[in-house]
Each structure stands twice: as structure tokens, then as C-alpha cells.
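> For reference, the sequence and a predicted model appear below.
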Protein chains: 4
Amino acid sequence: MRAGIWLIGARGSVATTSVVGALALRAGLTDPVGCVTAHPDMNSAALPGFGDLRFGGHDVTTGPLAKKAEQLAAAGVVPARLVQALESDLDAVDADLRHAPEGATQAETAALIARDLTDFRTRHRLDRVVVVNVSSTEAAPAEHPAHAGLDALAAALAEPGDVLPPSSLYAYAAFSAGCPYVDFTPSTGARLPALAELAAQQGLPYAGHDGKTGETLLKSVLAPMFAMRNLDVRTWSGVNLLGGGDGANLVDPGANAAKSVSKQRVLRETLGYAPQGDTRIDYVADIGDFKTSWDLVTFAGFLGTGMCLQFTWQGCDSALAAPLVLDLARITLAAHEAGRGGPLEQLAYFFKDPMGDVDHALHAQWETLRTFVAGLGAEAGAGGGR
Amino acid sequence: MRAGIWLIGARGSVATTSVVGALALRAGLTDPVGCVTAHPDMNSAALPGFGDLRFGGHDVTTGPLAKKAEQLAAAGVVPARLVQALESDLDAVDADLRHAPEGATQAETAALIARDLTDFRTRHRLDRVVVVNVSSTEAAPAEHPAHAGLDALAAALAEPGDVLPPSSLYAYAAFSAGCPYVDFTPSTGARLPALAELAAQQGLPYAGHDGKTGETLLKSVLAPMFAMRNLDVRTWSGVNLLGGGDGANLVDPGANAAKSVSKQRVLRETLGYAPQGDTRIDYVADIGDFKTSWDLVTFAGFLGTGMCLQFTWQGCDSALAAPLVLDLARITLAAHEAGRGGPLEQLAYFFKDPMGDVDHALHAQWETLRTFVAGLGAEAGAGGGR
Amino acid sequence: MRAGIWLIGARGSVATTSVVGALALRAGLTDPVGCVTAHPDMNSAALPGFGDLRFGGHDVTTGPLAKKAEQLAAAGVVPARLVQALESDLDAVDADLRHAPEGATQAETAALIARDLTDFRTRHRLDRVVVVNVSSTEAAPAEHPAHAGLDALAAALAEPGDVLPPSSLYAYAAFSAGCPYVDFTPSTGARLPALAELAAQQGLPYAGHDGKTGETLLKSVLAPMFAMRNLDVRTWSGVNLLGGGDGANLVDPGANAAKSVSKQRVLRETLGYAPQGDTRIDYVADIGDFKTSWDLVTFAGFLGTGMCLQFTWQGCDSALAAPLVLDLARITLAAHEAGRGGPLEQLAYFFKDPMGDVDHALHAQWETLRTFVAGLGAEAGAGGGR
Amino acid sequence: MRAGIWLIGARGSVATTSVVGALALRAGLTDPVGCVTAHPDMNSAALPGFGDLRFGGHDVTTGPLAKKAEQLAAAGVVPARLVQALESDLDAVDADLRHAPEGATQAETAALIARDLTDFRTRHRLDRVVVVNVSSTEAAPAEHPAHAGLDALAAALAEPGDVLPPSSLYAYAAFSAGCPYVDFTPSTGARLPALAELAAQQGLPYAGHDGKTGETLLKSVLAPMFAMRNLDVRTWSGVNLLGGGDGANLVDPGANAAKSVSKQRVLRETLGYAPQGDTRIDYVADIGDFKTSWDLVTFAGFLGTGMCLQFTWQGCDSALAAPLVLDLARITLAAHEAGRGGPLEQLAYFFKDPMGDVDHALHAQWETLRTFVAGLGAEAGAGGGR
């Protein structure tokens, strides 16, 4: 399969780290540490190779990708030696990045986005292209009656004014251009009835929401532990300190609220009840991409005896997210090829706020994913050579 | 089933908390929080009721159980109101506790132990009695040729001198008296070929080793998390500070070494490699039963970026262990009734250092246990009413 | 000196713990651990004895003090054996507690408060009475022109409506009755020009604000450490989780804001610049009085190398505050006797948000306090017998 | 003053970071963050400028300094841009580094060391040279009768065999060559009566021991805080995880013991009693120079209520040590010039295990140091221009 990834927010930290990593894997300069699809249990011939992915994308900012990569190297996110070695490859990717278009109506903007996608596919003779949203988190959008059905949406988009938030407009454009769509952010993305209708009509898979990279990843194994031990979790309070672009954006109360809700869902779903406590997100510039989160869990054991667990997670958000972006692209592309359409609930493993009524325990999500990926491989094998 | 538990170390903190808890459950004064067999997924009619368990045991110390319970209440391990309410019940259990016997030879000692067990069973007309070791951790014993076979062992025990460490002598006596044996400690217990031979001959099940109550429990969910995310764990270093009887005992380098090895096994088995770092155990009297452990995990993600996780666990060891003691007794008694003999590898969920070549990930152990318990219920149902 | 303390919020956790402690000290049932004035360097014959203090107070709630003390014992704040031993002493104090009065105007209310104070002083033939505010934190009050001068204030108080927040009305009443006033809370208290005028006119000392019991205490030694090492503190972010009455009250954004500002002041004043970051306060009922706070400090060292310090403080707020309430009462009473009037800036050691332009480093505040207390002793000695 | 520093262990991490930093300061490429003598309160015209220090030294290893600096840059200890900018300056320093000499007797070795020192002084026409030991920690040496007096020592050194540990032999050589000596390590150094005699005879100052860079620095402000609040510290347990050269060396039980004793001294001296608990040091290669230490402090407050403080310090040891090396050199050189001889107890601020019966509270040490440095300045001023 000749495959491409089109990144929304293509000049951001996550996107740039993904590109640097994929180029480094292609050049044999690194190992796929942190890539789930490199795990022996997830191996499948149905997945396009890491090195076979071609990158393009939209962004609202400009400035060369190699420059951004150098900044990430200075911040310790990626090794400086890789950025130096890959400078010309990064410049080549730059040639496939486009400024985010803006039409007179949202329908026009969507058409411009879709044209960039089809141009990219044609230019590089790609079999398929997956669109992955790694841009900044949006505030929760206002509801609109046109969200309920495709016809109403198409009509409303042709009028002046904003009907869809940007993430949903990109999903609309992706589906229109025959591309699957993955949302790595908590933004709305494809989660509207009208967009589900469009995806179904086009036979396209989509996945989301909100990549599970740090604190929530820990919750997805620790909450099941408490549940399996029949312990009574009273409080689960956390604070996330982060700098970088996403941190600055999350100072916006709307975006913050969207993210915080997404982060507590795993507790309620895994424990069967919601412990006291909140998840706070604070912007701290000096911390940069190395998010630091602290969680306090108080719980009662046998005879009501009170105990507690604390943890501090110091993780580099972009370095945790980037390999998952590659994983999601590989799996979604293979799912598309295997003819799977609609919401990929089997990819809950990757997300804080997964689609569907799924198990939130990490090990259960892992089993579901393993089975799904193996199934793609079986079909690929059965369906004959590529 | 009329069932009994015979506790080795019956006047210690874990044993006393187990007894207080079982009596409180019988009296309807508490809920089975922390009891795994009270989880809906583990429910089985084959298990004897929490309130149906009758307690006896051996100890080398004396002093009334109610006194020990008051001390635990003062230390915050059990609620004072329960101890007050259960005073006469505790005195009744006291009547079934015996001083650890000592014969001229280990064979004689074993016979005295076995007589106490059969007397207990007869006195209360019990169908079966499980022996559970919750005494202090022993140092690793010297090897002895008579450990290799039952005949040689029987002959050697009849001679003066010590052939078996205490935990193994209790296992020998338990098996001789037709009782299953569970070892909640890292001591040798039934883990000798000669004892396996005896258990097989008697058709008796046994289980162990070293109850998984705190730091290792966390490792058994966190290490699989790192493995599933294909992250590269470089270091896993921990320190355990604990007071109380077990803490004082673990200052002994022999016992400490036995425990530390047991605690690191889960990492090697789950990750497939052994990260750098040790697990230290230090005695700190002021901390008492509320063990505090700190772990530092350093790991490399995508492109080698270094990150870290720290956690602090402040758990009350006896309150964590006691419900598991009741769980283990219930399941082992039901296994005995269902005719299961030999090492119960399906109970790995409960142990730091489980028997057999088993999966060390908690969720896998949970599934194995769930299936095992359900199987016991099916057989019990099939075998006819009780 | 026959001395009394009148507590505002007399049935709250801090007040009750102070009373239990003072009674226990008088009865010889405990040592003055946590009392600064029991430190050898602070010893002074000028201070009234711990056991000589007589207690009275106002509260808006009712319910016997002994009941509240039992609740604190159940929560682990004070030992149950003390509460049992002191039951009749607590009942005796109850007889000196009064319901917070409410007049038709604030002038009337103040007169009723003052009458309760003078009645208490007369009833027990006390030489002096200090009023200490340990009630819940108020929201920052609206400004009012009558705050600027005593005459305008007296006139405004006689009109209907609220001119002063409760803490300031109590300060007004205390000064009117010839009593010094200490504010252990972040509320406004005596910090208004009109009240300073009244205190000066009456020759009365007063002190505040906001007892320094936990996280800020740590800041007051750690921030000077960073300053003395010439390290560059970039971020100081903290979160405070607390239950209990004060926690519930601080959910109110107004009160929370007052407290948070007070908590960051020490950094700016000690470092000479304000690092990034905030101090959050969250209410978590299960935690009760055992406040848990986590702070992350990131700093740059030589050549800009980034490093960090984290700490977690798990402290019982009432048990930390109560001995300081006794200390403040002893010192303020002695200051009053020694003829010191006006704001006691020398007591900055005790407060998060001290009065005056003072040093915020704990060791400097300690030296100032030590000198001040020694001075009171010298005068007392010079002034002759009491 | 034309001044030089001669480093023992000149190619190690601390030495290299010191050299890079001093060169960067001279070139105006960095600010003196982390340098205590750059604090406004410590400013003194008596101190030689940071940029005026010329470097030489001994080491047992070879390999260019610029190479070592590059390794430190790759590990995040120093900025890569500085190393690149200073490459030729580092090569120039290389020309003044010598391989540690080895004579047939220790007397011969000392003479060779002294000759290297005087050559360095002569070659660069320096007024004075201070010798600073930043080599790996030695195990505690065997006692020897010749340590007691200078004559006996001189005689014993002329015989075959080792009388002095390396750090003391360097001190002997330094004093013989008229150079003051500073020991930044816990090794014996100048702490022998015979060496004190030699220093006195030569009128030379010396200082030590064991630079206070991390966990002990925190103890020196936190222990006084507990003391000033009259709180009862029950336990102070810590673990230090560190990689790098010093970590590997401290695996040696002898060196580890020396360091651990040094680290607990501050508690006993500041609190007036020794709380329970130990300080552990473990080698963890992956952590490298970024030492991570965790401390648990349990304490009792008013009425015996138990509470706790934990902290985690993640500090870059070399980046913390290097500016103090420069500070110590500056102050000791100025002290030498001002005619101060003997042990510089006023420099306790810098050391875990200071010389003399001094206060261990950081703020008291700061005051002592400030006064001392100001005194040097006064004398310098009085003594006339330079």
C-alpha cells in the first residue's frame, strides 16, 4: 500500500515529532520504541510500514519544519543528532505542507481542504490518505440544528457564518475526499450525526478521541487494580502542569473543561462510581513539553482503614503522542483497505475518551485491539497479495 | 460446608485483623471491602461464607487476642468500635489458639501440630480445615538431601536436629493431618519435592507465596502498562519503609533478601527483561503497620526521550493482607472439596512469588482466578446440593 | 497574670483542639509539642502559663464542645483518651461559650459582643482577655468610605446595613472592650485605618494574618534556601487538598482567592521576583483535617541546567494551628501587659500574610520574635512583680 | 590577584563543569547563576574575579577535556552551545592538566605533585594557587601512628608503603608547595593532626568537607524548621539514586558508609536528637548525573498527632557542585591573601560535614559566611589597593 498521513496542526510539536520519528525509522536511525504496532503481539502484514508513510498537512502557522524540529531538540524532546541527519528529509516534507485555507463560506473552506488532500494523494500516487488531527484543543462548540443530518449540514455550510468547529470541518472535508479521519484531540471532530452519516455513505472509518498519553494511561491500569481488589476509592484528585502550545491553549477555560471531563471518564467507567476530586490543568511555561502531573488517590480497605497512593508522572507529551499517531495511522489505513467503515471502537486503547460503550481498562482494550489488528491481517492474507 | 482456618502466627497483626474482620462480617458490622471473593465476578456458591469460618491457630507468643486487637485499634489498623463490640467473640477464638508445640525431634513436633489440627476439626465437627501461614518471614533455609523425597524426609525428621524450616514443618504437619496449606509469606512452606509428594499422596491442594499487598501489586499493573506501550523501562528502584513485627524481622539480611528477590520477579517476568535497580526494605518503628514505599521508574520513549514515574504507596499492611487471607481460605477450602490437589497455580493473583510458570500481569491472573472459581462453582453445582 | 482567650469560631476544629490541648497541658496529660513558646529560646517569665489561660468564645453553631472533641478524636486529630479524661473540663468551658449575637445595626451587634467580653473578664476576674479569630475565612469585603476613619465608622455602624465584615466587627468590639485582637485567618480583621485608629486610641496591640501551618511554612524556609544558593526559581506550583470546615468554605471563590494570594506572597518577597505558577485549593471531603499539599518547584542552576524539587505535606491543620493559637495568645497578652500597642509586626513568624514590611524568611522572623519575647521578659523583670 | 585553581580529579564531571562555567563567565556567555559569591550580600572586592581564575589539575584518566565536556552536554549537564563556543579554551586548559604522578615512595609522589603545582604557578606568574579535591570519594583509610605529627609523617612517607590516602597526600603536597587546600569530597583530605601542623607552619588556610549540593542542603533548612516549630521528628529516611562516576564509586560499601554518615550529621546537630532512619545511596546508571533522592519525614505535632513530609529532589550534581567549587576557590584565595591560616570553619555553609563545632542550620551558616567575606573585603580595603 502506498499510504499518506495528512496532519492537521502539521507544524506543531506532536506532528513534528511524528514526522522526525517516521523519517528516522525509515532511515534506520532509531528503533520503534513507544510504537504499539511494533509490539510482537500487534505485528501484522496488513499494516503499512513505518517508513512507507508519506507526510503532508495543514497548519495556521508558517516557518520551516526543520526549524521547529531544532527547537524540539533544544527542549530535549527529540535528539539533536536526528534533526541534523534528517534536515533535507524535513525540507522535503515541508513542500507538502499547506497553509490552512479559508473560503468565503465553510463549504468553500471544506472544498479547499479536500482539494489539498486529493492533490497530495494524486501527486504522490498514494492508495489512501488518513487525516489525523493533532492541532490545539478547541473549546466545546455551540450546538447547531444542522449537526443532526447531512443534508441540513451541507445546506448550512453554504451559508455565511460558522456551523462547524474547525476539527469537524476537517472531518467533513476528509470524508468528502474519501479519507479516513482520526482525532487525537478532545475536540468535536467526527462526533456529529451528520458526519457519521457522511462517513457511512463513503464507507470510511474514523477514530478518536484524545490520545491517552500520561495521567489517564495510568488511571486505566490503576483504577482496574483498585476495582479488582474490591477497594473503595474515595478520592482521586490530580493536577497537570504543562507548558508548550497545548498548555497555553488549555488555559482557556472552555478547552480546559473539555479536557478535564475527558480525563475523569475512565474512573467512573472502570470503578462503577465516581470518586471525589477533580483533574486540574495548569499552564506553566518553564515545564514545556515535559508535562508533570501529580495524583492523590485515597481509598478505604478492609474494615474501612484509610490508605493512599500518590504518583508523579513526568512525561514528554509529544514523545508519548508521536508514536501513537503513527500507530493510529497504520491501523486506520489498514482498516480502510480492509473495507471497515464507521467508528473504530476497537481503537479505544489509544484514547482518553473513546467512541462507543467500551471497556476502559487498558488490558481489555489491548485484547480488543490485538484481535482487531489480527483480523485485518487475516483478511489481508485472505484477500490476496498487495 | 463446615470450615475452619488454622493460622500459623495466630496472634500476629495479619492474623488478628483477619479474625476481627471475619467476626465483624459474621456480625453484620462491616462490609467485605478489600475481599476479592466478594467481587461480583468472583461470586460462587462453592465458597464457604465469610461468617462460616471458624478460627484456630498456633503462635509462639501468648497474650489475649482481644488485647492485640486493641493495640491494632490504637494504631489505626482496625476500628476501635469493632474491637469493643467483638470482645467476647475474640475471647472465644482465644480458646482455640495453641502455643506452638516443640517435640524432641521435628517428627514429634509435626505430630503434635497435626494433633492440634485434628482436635480442632473434631471439636467443632468441621468438614475441612485449611492451614494458613501468616507468621514472620524466615531466612532462606540450608539445603538438605532429605528435601528431595518423602521417605528420606520422614527418616530425617525422626533424627535430632532441624531438617525443615518451621514453615515447611507446618506444611508437613498440615498435609499429614489432611489439611490444605496456604503460605502468605515468602518462607519455604510447601515448596520442597518431598512435601509436593506428600500433598499428592494425600490429594491436597496448596498455594503460595508471599501475599501481594502493596508495591508489588502496583508493579503487576504498571509493568504491563509499560510493556503494552512498548516503552523501554530503564530503572525501577524502590524503598519500603515499614515498622511492626514484619519490619523488625526483615532487618535480618536473610529474610530481607528473600523478600526483595520475590518483589523484583514481577518486573523481569512481565517486561521480558530486568531493569536496573533494587527494592530496599528498611525498618522504621514509627511507621508501624502503615508501610510507605516509594518507587522511581525511569523509561525511554520514542526516539529515546527519557521520562519518569514516581509513586508513593502508604498502605496498612495488615488491613490489605487480612481480606486476602479470608479469600485464600475460602477458595482453597472449596478447591479441596472439589477434589483439586497439588499446587494451585491459578491463585497467582494473590502472590508476589506465585507457584508455576504463570503470567505476572494482574489482569491475566484475575482472568485465570475468575475461571478457576467459576469452575469450582460449576462442579459444586454438578456434584449436588449443599 | 489572670488571663483569658476569647475565640471567634469557638466550636470549630482549631478552637476545640486549642481548648483540649490547653486543658491537657494544665492537667499534665501532654507535653507542649508544637508550641513555639515552649522552645527553650522563647522561654520568658512574662508569658502567662499554658495552664493559666481561661477560655470563652462566640460561635454561630451550637452543640457541646465535648461532642466536637469526640468527632476530632474519631478523625485522628486529638487522642481519644484525652477527650475522655477532659470531658468535665470541656463542659466547664462550654459554660463560657456564647452564641454570636445579632443586633439591629452593626453598632448594636458590636456592643453585644463587647458586653460578652467584659462579662467574661469580670466573671473570672481576669486581668486581660485576648480575642483570637479562628472562624472560617471570609470573602474579601467591599470597600466602604467609613473604613478610612474612626468617626465615620462609628457613624456608619449605627445605620442599618453591613459596613464591616464579621472579622472586622469583632476586632472593633474587642478594641472597644479593651481587648487585644489576633487574626489567625486571612479575613480582613483589624486591617482597616479606622480600626488602627481605635487600637491606637485604646493602646491595644493586635496581630495577624493567616496562621502559617503547612505549605507556606515550607516555602518560608525553602525559598530562602534557593535565594541563598543564588538559584533561579522558574516555577512554584502547588495544590492543596483539604476537607473539613475550612476546606468546604474555601470552595467559595472569594475566600479561595484571598487565601491563595496570601500563600504566594512569601515567594515574591523572599526571592525578589515572582516565579510562574499558582497555589490551588480544592475541597476533598474524605481528606478531612489532614490536608495534603503537593508543590513542584522547577529551577535553573549553573549554566541554566534545569532541575526540580517536589514535596508532599500531609499535615493535620488543626493540630498544627492549635499550639500557635496558644502561643499567639500568650505573647499578645504579655505584650499588652508590657504596654505595647499597635500592630505587632514582630509576630510575622506565625503568619502567612504578616503585617508590615517584614522579612519573610522563617529564620529571620524567628530572630525577631525571640528578641521581642526576650524584651517583654526584660521589661516584666524590670517593671517588678506581678 | 593573579589566581589559579588546581583540581584533583580534573577530568571528572564536577571539574569539567567548573571549567566550562568559568570559561563561559569569562567570555560573557552566561550568568553566575548558582554561584553564592555572586549574591549581592556576598559581593566583595577581595575576591578574585570568576574570569581571572586559571585552571590546572591532576587526574588518573586521560582524554581531552573538550571530549568530556561534549559528553556532559549530551547528558544535559551543560549546554552544547557553550561547549562548542569554548572548544579552543578547553584545549588550552588541557595543556595545564597533568597525569597523577606516582613515585617510589609517597614522599616522592608528594614531591612530584608539589613540583607540578609550583610549575603551574610559575608558568602563569600566579600570585596564589588553591588546590581543590573533586575526585571520587575514598573509603575511610586505616589509622596510622604517623598521622599524629608532622615529623613522624615525614619519616613514614619516605618509607615504602602507603601512609596517607590519596586525598591527604594531595593536601600534604599542596601545603608543602604553599597552596591552600579545599576538599569538596568526604575523603580524609587535610583532617589529620600532622597536616594541621603543616598548614599552621605554612600559614595556609584549608576547608572542607563534602559539598552540600542536594538532599543535605534541604535538610539544613527543613530540620531547623521542625526545630523552630518545636515539632517532634520521629523518622527521617532517605534514598539517593545516582549514576555517573560518583554513583558507581559509592557502591563500594566503604565510600558509601563515609557519605551516609556525613549526610545524617545535620539532623542530629540541628534537632538535638537523632530521628530514626537512614540515608541510602544506590547506583543507577540510567540516572546519570541527575541524582534523584526521596526523603520521608514523619513527625508528631500537638497532642502527638502524626504527620509527614516527603520530598523528591531531582538535581544535576555537577551543575550544583561546580559553582560552589568556584565560590570556594575565590573565598579561600582571598582568605590566603588576607593572611588567614588554619581550618576555615566559617565556610561551613558549603559542606555536609563541616570542620569545627559549628551551627548546621543554613541561615546561621550564611550569616557566618557573609560576615567572613565582608571581613576579607574590609581588610583588603584597609590593606590598600590591588
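That came through fine.

> Can you get me a residue count around the closest residue to chain C within the stretch 51-200 of chain A?
Among the residues of the stretch 51-200 of chain A, A:G76 lies nearest to chain C; the distance is 8.9 Å by C-beta to the nearest C-beta. C-betas here are computed from N, CA, C, even on glycine. A:G76 is surrounded by 17 other residues when neighbours are defined as other C-beta atoms under 10 Å in any protein chain shown.

> A strand includes it, no?
No. Secondary structure assignment places A:G76 outside any strand; it is coil (DSSP: H, G, I helix; E, B strand; the rest coil).

> Which pLDDT value goes with it?
Reading off the confidence values, A:G76 has pLDDT 90.

> Could you tell me the average pLDDT over stretch A:365-378, please?
Per-residue scores along stretch A:365-378 average to 92.

> nope, stretch A:28-44 is what I was after
94.

> end to end, how far does it reach?
The straight-line separation of the ends of stretch A:28-44 (C-alpha to C-alpha, to the nearest Å) is 20 Å.

> does it come close to chain B?
Yes. Stretch A:28-44 lies within reach of chain B by C-beta under 8 Å from any C-beta of the partner chain, at A:T30, A:P32, A:V33, A:G34, A:C35, A:V36, A:A38, A:H39.

> Just among those residues, which is most surrounded?
Per-residue neighbour counts (other C-beta under 10 Å) across the residues of stretch A:28-44 next to chain B peak at A:G34, which has 28 neighbours.

> picking that back up, from the residues of stretch A:28-44 next to chain B, which single one is nearest chain B?
Closest to chain B, out of all of the residues of stretch A:28-44 next to chain B and judged by C-beta to the nearest C-beta, is A:G34, at 3.9 Å.

> need the contact list for that closest one.
For A:G34, the contacting residues are A:A319, A:L320, A:A322, A:P323, A:L324, B:R229, B:N230, B:L231, B:G301, B:F302, by C-beta atoms under 8 Å, 6 or more residues apart in numbering or on different chains.

> now these in CSV, with secondary structure and distance to chain C?
Supplementary listing: the contacts of A:G34 in CSV, determined by DSSP: H, G, I helix; E, B strand; the rest coil; distance: C-beta to the nearest C-beta, whole Å:
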residue, secondary structure, distance to chain C
A:A319, helix, 17
A:L320, helix, 19
A:A322, helix, 22
A:P323, helix, 25
A:L324, helix, 26
B:R229, coil, 24
B:N230, coil, 27
B:L231, coil, 21
B:G301, coil, 18
B:F302, helix, 21
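
> out of those residues, which one sits closest to C:V14?
A:L320 (44.2 Å; C-beta to C-beta).

> can I assume that closest one is in contact with B:F302?
Yes. Counting by C-beta atoms under 8 Å, A:L320 does reach B:F302; the two are 7.3 Å apart.

> Work out the gap between the helix or strand A:W236 falls within and the centre of the chain.
Under DSSP states H and E, the secondary-structure element containing A:W236 is strand A:232-242. Using C-alpha atoms, centre = their mean, to the nearest Å, the distance from the centre of strand A:232-242 to the centre of the chain it belongs to is 23 Å.

> pLDDT of that strand, averaged?
Mean predicted lDDT for strand A:232-242 stands at 93.

> distance of A:A66 from B:A174?
Relative to B:A174, A:A66 is positioned 71 Å away (criterion: C-beta to C-beta, to the nearest Å).

> neighbour count winner among these two?
A direct count of neighbours by other C-beta under 10 Å for A:A66 and B:A174 places B:A174 higher, at 32 against 19.

> what sits against the residue lying farthest from the centre of chain A?
Computed with C-alpha atoms, centre = their mean, the maximum C-alpha offset from the centroid of chain A is found at A:L303, amounting to 42.7 Å. With contact set as C-beta under 8 Å, 6+ apart, A:L303 has these partners: B:T17, B:V20, B:G21, B:A24, B:T30, B:V33, B:V78, B:P79, B:L82, B:A319.

> I'd like the secondary structure assignment at the second one, please.
Three states are possible here, and by three-state DSSP the one that applies to B:V20 is helix.

> wait, which of the residues of stretch A:28-44 next to chain B is closest to chain D?
Minimum distance to chain D across these is 14.1 Å, recorded for A:V33 (C-beta to the nearest C-beta).

> Which residue comes closest to the closest one once chain neighbours are left out?
With C-beta to C-beta, 6 or more residues apart in numbering or on different chains as the criterion, A:V33 has its nearest non-adjacent residue at 5.1 Å, and that residue is B:D232.

> number of nearby residues for that neighbour?
Other residues near B:D232 number 19, with proximity taken as other C-beta under 10 Å.

> And it, how close does it get to A:A319?
To A:A319, B:D232 is 12 Å away according to C-beta to C-beta.

> shared neighbours of the two, anything?
Between them, B:D232 and A:A319 share these contacting residues under C-beta under 8 Å, 6+ apart: B:G301.

> For chain A, what lies in contact range of chain C?
Near chain C, the residues belonging to chain A are A:234-235, A:237, A:239, A:241, A:276-278, A:280, A:282, A:284-287, A:292, A:294, A:296, A:298, A:306, A:308, A:310, A:312 when assessed by C-beta under 8 Å from any C-beta.

> filter the residues you listed down to the ones near chain B?
When the residues of chain A next to chain C are filtered against chain B using C-beta under 8 Å from any C-beta, the residues retained are A:C308, A:Q310, A:T312.

> what does the model give the first one for pLDDT?
The predicted structure scores A:C308 at 96 on the pLDDT scale.

> ok now do it, which residues does it touch?
A:L296, A:V297, A:T298, A:F299, B:Q314, C:T292.

> In terms of helix, strand or coil, where does it fall?
Assigned state for A:C308: strand (three-state reduction, three-state DSSP).

> for the last one, same thing?
Three-state secondary structure (criterion: three-state DSSP) places A:T312 in strand.
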